[in-house]
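Novice: Could you look at this predicted model? Sequence included:
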Amino acid sequence: MLAGVELGGTKVFVLRARGRTILDREMIPTTTPVETLGRAVEVLKSWDVEAPFAAMGIGSFGPVRLDPHAPDFGIMLPTPKPGWAGADIFGTLTAPFDCPAEIDTDVNGAALAELRWGAGAQEPVPSDSLCYITIGTGVGGGFAFNGRTLHGAMHPEIGHIRVPRAAGDSFAGNCPFHGDCIEGLVSGPALAKRFGVPGHEIDPDDPRWDDVASDIAHLVSTILLGTAARQVLIGGGVGMGRPGLLDQVRKKVVAQLGGYLPHVDDRSIGRIVAAPLLGDQAGPLGAVALAMDALESKGSVAPLTAEKR
């Protein structure tokens, strides 16, 4: 029996699964760390009494410290989410349970699930590497390469990459840190500011969508060139909620690359730049995949838990 927690900026999914089959899930609104994590722990405790967990996986919004040897491992770093900076995500969720656990970003977890069970696992040629981008309230990106997620000094923060701007596009951007980084250009709040109306009221035929597609395409081209990922999946409310946007992005990626990557052309781009096959289940299944990894690597890493700090 596996436990999973997908901690998002607006809601949390608490899961228990047997293998990759999710048996139960509870949704909790994301409020304060004490209330949110406390409620998650209570749900997990009620399940653990019935059938003890063999392992736990946590996929969290970031930025969060992922180095298991760092004194602030599993703790939320400075974040725009009010009240969450310094919250001990890993320690709070794992302390009551005697099982191995693993924490990663929610988008890294989603990338891992897509690599193993989703778009990356499709025949005839399964992927060994992909990037999962979510475009919604913010822009986040996770990477799964050769069966594992990617992080080093930190985890990837592709939402704050700057991209070349489309000719004539003078939108200043919406990011409080960087202005016109990709999150400041194409996230939900950025689009509302760019178009001057709430997201659901934006005219799908507005010609400024061409600039948005250009921005996203430049991000995708940067990822393909910089990481050699075989696939880039685009999800989230903006990514999956705009009919035709993905096709616009694909055409612009091919044009921007100009034939430099021989495997990227009009015939292959539909598989290379795609929607997540698991849809909105990529995040929850990502937490399950992390729990599986924790069980597999049991005893190989001894992170500093709340008690050891």
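Specialist: Nice, thanks for sending it over. Residues are numbered from 1 along each chain as shown.
Novice: okay, CA-based contacts and neighbour counts for the rest of this
Specialist: OK.
Novice: Report all helices and strands that the lowest-mean-pLDDT helix or strand in the chain contacts.
Specialist: In the chain, the helix or strand scored least confidently by mean pLDDT, DSSP states H and E is helix 236-241, which has a mean of 79. When contacts are defined as 3 or more Cα pairs under 8 Å, 6 or more residues apart in numbering; DSSP states H and E, helix 236-241 packs onto strand 129-135.
Novice: For the helix or strand just after the strand it packs on, which outside residues touch it?
Specialist: Next in sequence after strand 129-135, counting helices and strands by DSSP states H and E, comes strand 139-145. Contacts with strand 139-145, where a contact means Cα atoms under 8 Å, 6 or more residues apart in numbering, come from 105-112, 115, 128-134, 149-150, 156-159, 182-183, 186-187, 229.
Novice: Please spell out the segments of the protein that come in under the pLDDT threshold.
Specialist: Scanning the chain for pLDDT under 70 picks out 123, 299-309.
Novice: change it to 80
Specialist: Low-confidence segments of the chain, defined by pLDDT under 80: 80, 123-125, 239-243, 298-309.
Novice: Can you go through the contacts of strand 139-145 and name the buried ones?
Specialist: 105-112, 115, 128-134, 149-150, 156, 158-159, 182-183, 186-187, 229 (16 or more other Cα atoms under 10 Å).
Novice: Could you report the distance from the residue nearest to Ser127 when sequence neighbours are not counted to Cys175?
Specialist: Closest residue in space to Ser127, ignoring its immediate chain neighbours: Gly120 at 4.7 Å, by Cα to Cα, 6 or more residues apart in numbering. Gly120 sits 31 Å away from Cys175 when distances are taken as Cα to Cα, to the nearest Å.
Novice: Could you do Leu246 as well?
Specialist: Taken as Cα to Cα, the span from Leu246 to Cys175 is 23 Å.
Novice: And those two? Which one has more around it.
Specialist: Leu246 (23 against 19; other Cα atoms under 10 Å).
Novice: Phi first, then psi, for the more buried one.
Specialist: Phi and psi for Leu246, reported as degrees, to the nearest 10, are phi -60, psi -40.
Novice: right, and it touches Leu233 too?
Specialist: No - look at Leu246 against Leu233 with Cα atoms under 8 Å: they stay out of range, at 10.0 Å.
Novice: what's near enough to touch the one residue sitting closest to the centre of the chain?
Specialist: The centre of the chain sits closest to Val107, judged by Cα atoms, centre = their mean, with a distance of 1.5 Å. When contacts are counted by Cα under 8 Å, 6+ apart, Val107 touches Gly59, Phe61, Tyr132, Ile133, Thr134, Gly140, Gly141, Gly142, Phe143, Gly283.
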